[in-house]
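>>> fold the following for me, if possible:
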Amino acid sequence: MGARRVRNADTVGLLNPVQVDNIFKGLSCKPDMPELEFHGHNDLGMATANTVTAFIAGATCASVTVNGMGERAGNAPLEEVIMAMQFQQSQLLKYNIGRLTKLAFLVEKLTGQKLSATKPITGEQVFRHESGIHVNGLIAHPNAYQIIDGRSLGRDADMFVFGKHSGTNGLVHLARSLGRELNENEKSELLKMVKSLSENLKRALTMHETGNLIKQLARQSTTLKKHL
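Residues are numbered from 1 along each chain as shown. Below you'll find the model as predicted:
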């Protein structure tokens with residue numbers, strides 16, 4: 001009939017990746033089939049997975065939205081699909097991923113729809129680590145607990161936060177970056193200060209806030225030495 005593209009729409013977000021794979025493999029093997037598109041909703045939290053699966057199974061186009069905006073639970077998020085295709089399929093799509101974060105924040109500002117802090121790719125917390133074992137691993141090898149370098153997405157390098165799950169190695173690493181070596185007593189005291197403030201604020205501390213505690217500890221140590 002002259003159609004150039006066939007769009008398969010999962011309008012109620014019911015499909016799973018296995019079903020999407022079957023549908024698109026079945027369509028793409030038909031002779032003279034136009035290009036295929038997938039339009040997925042996120043009602044069951046599978047819009048990104050379904051969209052990536054559709055591409056793998058033969059789709060050439062997809063309906064996506066910035067920040068996953070759309071009816072009800074929204075559509076497949078542009079930023080998640082792009083990054084998933086790059087890491088799951090090693091397809092370097094022709095997008096400037098360094099602008100994804102700014103784009104997400106712009107849309108958030110214009111629409112008034114706040115991003116979840118744990119939103120994949122663009123959430124505030126997704127490139128921050130508190131657990132002592134994670135921080136130790138990241139210091140030794142940046143890819144140990146993080147597959148994406150947040151800086152490639154236009155994020156800052158503030159990837160450590162400090163709180164009740166922190167250990168001393170991360171604090172020593174931060175102190176050294178600020179030009180200070182901590183002795184054993186200072187390590188113990190700083191860890192207590194971090195955990196106490198974090199508990200009072202009921203959240204983890206940023207690297208900047210923890211840096212201020214390191215400076216405070218340094219002033220206390222200097223004052224003590226003077227008195228001695």
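
>>> next SSE downstream of the lowest-mean-pLDDT helix or strand in the chain?
Lowest mean confidence among the helices and strands of the chain (mean pLDDT, DSSP states H and E): helix 132-140, at a mean of 69. Going down the chain from helix 132-140, the next helix or strand is helix 168-177, by DSSP states H and E.

>>> so what does that next one touch, helix or strand wise?
helix 132-140, helix 184-201, helix 207-227 (3 or more C-beta pairs under 8 Å, 6 or more residues apart in numbering; DSSP states H and E). All C-beta atoms are positioned from the backbone trio N, CA, C, and that covers glycine.

>>> got the CA coordinates for that helix in PDB?
Taking Å, rounded to 0.1, in the frame of the first residue of the first chain, the C-alpha atoms of helix 168-177 are listed here in PDB:
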ATOM      1  CA  THR A 168      38.600   5.600  56.100                       C
ATOM      2  CA  ASN A 169      40.300   4.900  52.700                       C
ATOM      3  CA  GLY A 170      37.900   7.200  50.800                       C
ATOM      4  CA  LEU A 171      38.500   9.900  53.400                       C
ATOM      5  CA  VAL A 172      42.300   9.500  53.100                       C
ATOM      6  CA  HIS A 173      42.000   9.700  49.300                       C
ATOM      7  CA  LEU A 174      40.000  13.000  49.600                       C
ATOM      8  CA  ALA A 175      42.300  14.500  52.100                       C
ATOM      9  CA  ARG A 176      45.300  13.700  49.900                       C
ATOM     10  CA  SER A 177      43.600  15.400  47.000                       C
END
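
>>> now it: average pLDDT?
Mean pLDDT, helix 168-177: 80.

>>> what's it in contact with?
By C-beta atoms under 8 Å, 6 or more residues apart in numbering, the surrounding residues in contact with helix 168-177 are 132, 135-136, 139, 160, 162, 181-182, 187-188, 190-191, 194, 207, 210-211, 214.

>>> give me the low-pLDDT residue ranges for this structure?
Within the chain, the segments meeting pLDDT under 70 span 90-92, 129-130, 132, 136-139, 142, 156-158, 221-228.

>>> can you do 90?
Across the chain, the ranges flagged by pLDDT under 90 are 1-5, 27-34, 86-96, 117-118, 123-228.

>>> if we can go back for a sec, take the helices and strands packed on helix 168-177 and lay them out in TSV including distance to residue 75 and mean neighbour count.
Putting those into TSV (distance: least, C-beta to C-beta, whole Å; neighbours: other C-beta atoms under 10 Å) gives the following:
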stretch	distance to residue 75	mean neighbour count
helix 132-140	32	17
helix 184-201	36	15
helix 207-227	35	14
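
>>> what's the closest of those to residue 62?
Comparison of the helices and strands packed on helix 168-177 against residue 62 by C-beta to C-beta identifies helix 132-140 as nearest, at 32.9 Å.

>>> using JSON lines, lay out the helices and strands packed on helix 168-177 together with distance to residue 149.
Compiled in JSON lines, these are given as follows (distance: least, C-beta to C-beta, whole Å):
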{"stretch": "helix 132-140", "distance to residue 149": "11"}
{"stretch": "helix 184-201", "distance to residue 149": "26"}
{"stretch": "helix 207-227", "distance to residue 149": "16"}
